[in-house]
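Colleague: Build the 3D model from these lines:
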Amino acid sequence: MASLEERRPSFESEFVGLGVSGSSPVVVASVDDGDCPSTNVPGASADGESTPMERSASTLMVDGDCRTDDEDSSCDDGASRSGLAADAGLAVDDESGATGSVVNGHRILPSRVGPRCKLIHEGDIQLCRLNHTRTIISKIMNSKYLRRWEAHRIVLGASEIVSATPYGFMESPVSYSSIEDVNVISRWDAGQKFCIRITVSDGSLLLQTKNSYLRDQWLHSIQWKRYILKYDKLLKNASRVDVLIKEIKNMVDMSLTTPIQDVSVHQFPLDLVSHLLQENVSNISQSAHEQIFMSLAPLLEMNNPTQEICGFFIKHCKDCPRSKIIIELFTPVVHRILKHNVDFGKYPRMRAFIQEYIQALSAQNDGISVTQNFVKSMHGMCSMCPHPRVLPNLIAVCLAAIYNCYEEKKRIQTLMNNMNQSAELRDLDHHLITYLAIFETTSEYADWRPCLSSLLQPIPFPDDALVHPLFALHFKPTLSNISRDSRCEVHQAVLGIRETKEGWFDLYCPGGIACEDDGDLYSIMLASLIHCCCRRKKFFQRMLKMLGTWQLLALRENETAMDVLCTILEFEVCESNDLKMQIITTLQSTNRGKHMYAELCDRQIQLKELQQKGGPRKLTMPTSSTDADLVKLLSSGSFGNLECLSLAFTRVTSACAKELIKLPSLRYLNLWSTQFGDAGLQLLSEHLHKLQVLNLCETPVTDKGLACLAALKNLRKLNLNSTYLSALTFEGLKEKLPSLQEFDVRYTDAW
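Modeller: Presented below is the predicted three-dimensional model:
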């Protein structure tokens, strides 16, 4: 025994590194069959017999009383530090076991390095239980030669470890509260035996896995389940606010540093704190609320707040709109919600929180600028916003807030007038201006305007807003930015979403319900439309109801209105001679109008000369011809007899359409392999009704322009080879073109 006593300290130091405490019992489990590899333990003899070192180690492992009290104390001190750090998933920075560091009074969390583990809820595993009693019989039964392993389906429940087939070692569940320690027995790794030890009051469980990843997965999953139960009981029973805040910080630290990778890792602390705040809403002061919010900040940067936490955020924004926590903590939370949320209908409090956050921003010094800077930060410095959900979410929040403003206005106005209600109305107007400033800021970004215009085209505002002068005044910059955009899909959004439905173009027309000026915004809209995609006979026919407005603007020397009146005469939109005389009289009322009408008369004279009988019946332009060449050719003489025109393989574009419609006898038109697009096709379909043969092979026309061909009832042959024709549009054309005999739709979606 003397030699054994002399050697004991070295064995104890070895087992301290393994996390084996002196008198604690151990439970062992394994995921593969077979006994624990005693022959692979360092110090084992080659023939399988136990060496003195192995026998001593076995004695230390089974008999908890082999060490003296002093030796147990020295061993358990180091083991407990490493064990607690391992349980918490933290790295021990120094000999004191402290984690993280403090810089300038702020706690810096240690970053988790190493592999991440998926949370295990259940799995098949082999298990061995050792009872640490102090009898000779128990020592013999627990020796490595007599250990018995059992296969179990282990389930990691909310409060205990249970077996799906309860028998033998797992006949009774093992509660997490009874577990004293969970650690890794690393000295067996060399023999490919990866074991976990679970220490309970009366023994130990050994868990053996096939590899180190599975071992760590089970280890950290059990630790995580233990900590969930621990903090759930600890925080719900905390009676002092300072203790509550301290433990919440510890829980957040644990959640951020655990190797477990699962949605519950970050969601559990948020759900638990939500419950605590609801249960103690009257006992927690405002400053304590702020400390709790600051503790949750690292989690909220990676997860959306719960509905309950949003409720407390809303209350804080209302009660303390100028609090620094709104900028420091709530801003990254709002950023995350706007970037990742997909449905505010499921999370109404989240939307309400963002509304209150915006109102809190507007309460700062120069609140409108602060709010606009917030929107700019959401877009980013790049020309394209990298987060496609930001704009729809932001618009949804603003629209809901504007509806709320007008509903609140109705409620206040139904009550008796007093000073408080007047102040409330002023606050609502200030909130309204803030939300409209957000619309204006979003419309300043070119990449946001297409989506913004499509969202605003249906006029998604309450009727009270449309007749409110304050709304109309502050919404004008947004519509102005949309109207000035050169892209058709953007500026066309000012028109009604359907022909029978009014749009912003109608509302801001002089005399309209939203027009509070002399038609300045309306003129911008009109100029964008007629100088681009709407300079068509069909558009003017649809908008002929605004003829009186155009005449009024022309009298006020609005050049855009004069251009519209000249175009109506040129396209023969009006059949009534009285209306034509009114238009001519209006144009001649101003010097600029007289000049524009004179230019129109000159063009009509040239058109008559062009359409006089004579000239060639067929004409083919050279392959390098451009729009300018075609204009120059057609202005050189009369082409009243021209029936067949080939522009195949030339460089003409849709711009030449305004020259082609001057050829009244044209029956055959070949545009093969040109850049003639939808805009030109829309114009041709309104004027060249005698056209019988049309070749659009290899042109960039799409369904938008091809659908207009339904107006050419005399078409007999149509070549749409290699265009962007869809099957649905082609079927519609066949139904609406009764004279169509031949068609070519090869290499299209309709083929």
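
Colleague: ends of stretch 709-716, how far apart?
Modeller: 12 Å (CA to CA, to the nearest Å).

Colleague: and residue 669, helix, strand or coil?
Modeller: strand (DSSP: H, G, I helix; E, B strand; the rest coil).

Colleague: To what extent is it buried, counted in neighbours?
Modeller: For residue 669, the tally of surrounding residues (other CB atoms under 10 Å) stands at 21. Where C-beta positions appear, they are placed from N, C-alpha and C, glycine not excepted.

Colleague: Over to residue 745?
Modeller: 18.

Colleague: Next, it: phi, psi?
Modeller: Note on residue 745: backbone dihedrals following degrees, to the nearest 10 are phi -120, psi 30.

Colleague: Please name the residues that touch it.
Modeller: Contacts of residue 745 were listed using CB atoms under 8 Å, 6 or more residues apart in numbering, and they are 720, 721, 725, 730, 751.

Colleague: Over to residue 557?
Modeller: 590, 592, 593.

Colleague: Look up the closest residue to the first one, ignoring the ones flanking it.
Modeller: So the one you mean is residue 590. residue 557 (5.2 Å; CB to CB, 6 or more residues apart in numbering).

Colleague: Are we agreed that that neighbour is in a helix?
Modeller: No. Assessed with three-state DSSP, residue 557 is coil; it does not lie in a helix.

Colleague: other SSEs contacting the longest strand along the chain?
Modeller: When the chain is parsed with DSSP state E, its longest strand is strand 122-131. Judged by 3 or more CB pairs under 8 Å, 6 or more residues apart in numbering; DSSP states H and E, strand 122-131 is in contact with strand 27-30, strand 150-156, strand 203-209.

Colleague: got those as TSV, with distance to residue 581 columns?
Modeller: Output for these, formatted as TSV (distance: least, CB to CB, whole Å):
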stretch	distance to residue 581
strand 27-30	101
strand 150-156	91
strand 203-209	97
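
Colleague: so which of those strands comes closest to residue 341?
Modeller: Residue 341 lies closest to strand 150-156 among the helices and strands packed on strand 122-131, at 32.0 Å (CB to CB).

Colleague: Can you tell me the strand partners of the closest one and which way each runs?
Modeller: strand 122-131 (antiparallel), strand 160-163 (antiparallel) (DSSP bridges).

Colleague: Show me what the helix or strand following the last one is packed up against.
Modeller: The reference is to strand 160-163. Later in the chain than strand 160-163, the nearest helix or strand by DSSP states H and E is strand 174-175. Strand 174-175 sits against strand 160-163, with contacts defined as 3+ CB pairs under 8 Å, 6+ apart.

Colleague: could you redo the last one with a cut-off of 10 Å?
Modeller: Packing contacts for strand 174-175, counted by 3 or more CB pairs under 10 Å, 6 or more residues apart in numbering; DSSP states H and E, involve strand 160-163, strand 194-200, helix 212-236.

Colleague: Mean neighbour count, these: which tops it?
Modeller: strand 194-200 (a mean of 24; mean count of other CB atoms under 10 Å).

Colleague: As TSV, the helices and strands packed on strand 122-131 with distance to residue 459 and mean pLDDT would be great.
Modeller: Listed next are these as TSV, based on distance: least, CB to CB, whole Å; pLDDT from 0 to 100:
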stretch	distance to residue 459	mean pLDDT
strand 27-30	66	42
strand 150-156	55	89
strand 203-209	64	84
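
Colleague: Would you state the predicted confidence (pLDDT) at the residue nearest to residue 590?
Modeller: Note on residue 557: pLDDT of 91.
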